[in-house]
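Enquirer: following is a predicted model, sequence given first.
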Amino acid sequence: MIRIEDLTFKVEEDGQEKEIISGLSLTLPDNAFVAVTGPNGGGKSTLARLIAGIEHPTSGHIYMDDVEITDLSVTERAKLGISFAFQQPVRFKGLNVLDLIRIAAGKELSVADACLYLSEVGLCARDYINREVNASLSGGELKRIEIATVLARNTKMSVFDEPEAGIDLWSFQNLIEVFRKMRQETHGTILIISHQERILDIADEIVVVSNGKIRTQGKKADILPELLSSGDAVGTCAKF
Amino acid sequence: MDSIEKRIIAEVADLHEVPEGAYNFRVNGQTDSRVSTENIEISPKEDGSGIVIRIAPFTKKESVHIPVVLSMSGIKETVYNDFYVGEGADVVIVAGCGIHNCGNQDSEHDGIHRFFIEKDAHVKYVEKHYGEGDGDGKRILNPGTEVTMGENSFLEMEMVQIKGVDSTVRKSTAHLAAGAELIVRERLMTHGDQVAVSEYEVNLDGEGASTNVISRSVARDRSRQTFISKIYGNAKSSGHSECDAIIMDDARINAIPEVAANSPDAALIHEAAIGKIAGEQITKLMTLGLTREEAEEQIVNGFLK
């Protein structure tokens, strides 16, 4: 379980202090599938990065299973069981897909076992396992490999920052299946930042974050119809 | 050979026992052992300055190992080795030098290798450098390579220096006849106060000659590296050079690429990039449970793989 208490995150922008997260409190129960949505620039990705420890809050507290993790490093949190899938996956010269999945799994996985994770995200494993994680891979391919690294970690808490960003339509269908499967097999607690109705539709709970605060939260059945009628969950372009 | 010398041979030539095929082991300035085969003859030069390796035409899938070990402090030597690779041969040549210096005097090996590769021959050449020992004496290696490539011949040179060599000045020059292809893959890591200079000069003299010179290097601590690549397109030919370097700590790296088209049909490209490890790469590996130091190590190892 993750408990966030009165979290605030400020940055300096053009000499002025700007509050990205403002006194936000949230509890993510064990084995829950929670989707966070809301307008762009509302603080969703920052919230995800604060949970993973990539950013540190100006004030407030984060607990994991009642242990305070607010001041812990990214590595320490990863070891406690938090995984994070980047919105824009990082490229590496020299590291291949197999290296990355082995690092994620924390052990010398066999090639066959590493391939299973790739197959789960819809990649034909033998075509990818020895590929370098570099610019030769497309955005969609990198994104799926990113998700495979999180699957390989198999941790108590997985955070996905806009998994649909940069993915083509064909891959998107696969992606939905990946998350649906994760939902069924309950891979610990899952937090997904997303704008996509079909991802929100898999969640148990939806949290709407806007201006650094929680605007509303509740069961999917209650929140999703409301969001769809107001148009908040759809992309910015669709609103115009 | 003693155990230190055997271990160094393993480092530079991946050899844990006597290799198959022809070989020449040179230890502390003397020939330790030498074996020729039916197709590959290794003989000393008359003036004692080095060895001559003659590979018969159409020799297929054979290898030559010529590692050099310096395990006594204070040895300084220059060796001239000549390789004659016959028409249509297909061979692997493994050279390499390891220095174990526990003493206070400098140890230096300057190996000058000349290659004469006949037409249609296919050669893979591997040269590894390695240094160790905690004495104050420096470990110095200054290799020189001169390559003459016949028509439609192919040479792949793998040059590796990962650890322990205090000072290196490498100079490689190649002349390519029509249709010849030269590929150079250099991997270099310097640390401490080490200095390494690599210079490659490739002359694309014949029509259809091509080259690809690829260097990947990491400079740590206060070390300094200079990479110079010169590709001269003297005919209808194609050349590409790429220097990709990771800089860490207080190191310094110079990359000096030069491409010169002396023919309007020469197509030449150079690329050079030097930069620190991207912060997001470290962060990503930390989210997978590695510490910052482990993440850096993984990135560097992958980059030099």
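Expert: Done, it's in.
Enquirer: centroid-nearest residue for chain A?
Expert: The centroid of chain A falls nearest to A:Phe160 when counting by C-alpha atoms, centre = their mean (1.0 Å).
Enquirer: shouldn't it be within a strand?
Expert: Yes - assessed with DSSP: H, G, I helix; E, B strand; the rest coil, A:Phe160 lies in a strand.
Enquirer: what about A:Ile223, how many residues close to it?
Expert: 22 (other C-beta atoms under 10 Å in any protein chain shown). Where you see a C-beta, it was placed from the backbone N, CA and C, and this is true even at glycine.
Enquirer: so who does the residue nearest to the centre of chain A touch?
Expert: Contact analysis of A:Phe160 by C-beta atoms under 8 Å, 6 or more residues apart in numbering or on different chains lists A:48, A:85, A:147, A:150, A:190-194.
Enquirer: change it to 6 Å
Expert: Applying C-beta atoms under 6 Å, 6 or more residues apart in numbering or on different chains, we find A:Phe160 in contact with A:85, A:192.
Enquirer: what bridges to it?
Expert: Taking DSSP bridges as the rule, A:Phe160 bridges to A:Ala85, A:Ile192.
Enquirer: ok, now how distant is it from chain B?
Expert: 12 Å (C-beta to the nearest C-beta, to the nearest Å).
Enquirer: which residue ranges form the helices in chain B?
Expert: Taking DSSP state H to define them, one finds helices in chain B at B:3-13, B:279-287, B:292-304.
Enquirer: what's the least confident stretch among the ones you listed?
Expert: The weakest mean pLDDT among the helices of chain B belongs to helix B:3-13, with a mean of 79.
Enquirer: what does that helix rub up against?
Expert: Contacts for helix B:3-13 (C-beta under 6 Å, 6+ apart): B:15-16, B:27, B:65, B:67, B:69, B:71, B:94, B:96, B:98, B:100, B:128, B:130.
Enquirer: which of those are buried?
Expert: With burial judged by 16 or more other C-beta atoms under 10 Å in any protein chain shown, the buried subset of the contacts of helix B:3-13 is B:15, B:27, B:65, B:67, B:69, B:71, B:94, B:96, B:98, B:100, B:128, B:130.
Enquirer: let me know the pLDDT of the nearest residue to the second one once chain neighbours are set aside.
Expert: Spelled out, it's B:Val27. Ranked by C-beta to C-beta, 6 or more residues apart in numbering or on different chains and with sequence neighbours excluded, the top spatial neighbour of B:Val27 is B:Val69, at 4.9 Å. Looking at B:Val69, its pLDDT reads 89.
Enquirer: look up how far chain A lies from the nearest residue to B:Asn101 once chain neighbours are set aside.
Expert: Spatial nearest neighbour of B:Asn101, chain neighbours left out: B:Gly133 (4.1 Å); criterion: C-beta to C-beta, 6+ apart. In this view, B:Gly133 and chain A are 29 Å apart by C-beta to the nearest C-beta.
Enquirer: circling back to that earlier point, of all the buried ones among the contacts of helix B:3-13, which comes closest to chain A?
Expert: Ranked by distance to chain A (C-beta to the nearest C-beta), these are led by B:Lys128 at 18.5 Å.
Enquirer: quick check: beta-bridge partners of that closest one?
Expert: Note on B:Lys128: beta-bridge partners by DSSP bridges are B:Gly96, B:Val160.
Enquirer: roughly how far does the residue nearest to B:Asn101 sit from B:Pro67?
Expert: Separation of B:Gly133 from B:Pro67 (C-beta to C-beta, to the nearest Å): 17 Å.
Enquirer: what do you get for B:Tyr80?
Expert: Separation of B:Tyr80 from B:Pro67 (C-beta to C-beta) stands at 17 Å.
Enquirer: one more: B:Ile256?
Expert: From B:Ile256 over to B:Pro67 (counting by C-beta to C-beta), the distance is 31 Å.
Enquirer: cool, A:Glu162 as well?
Expert: Taking C-beta to C-beta, one finds A:Glu162 at 54 Å from B:Pro67.
Enquirer: coming back round to it: what sits against the residue nearest to B:Val27?
Expert: Per C-beta under 6 Å, 6+ apart, neighbours of B:Val69: B:5, B:8, B:27, B:98.
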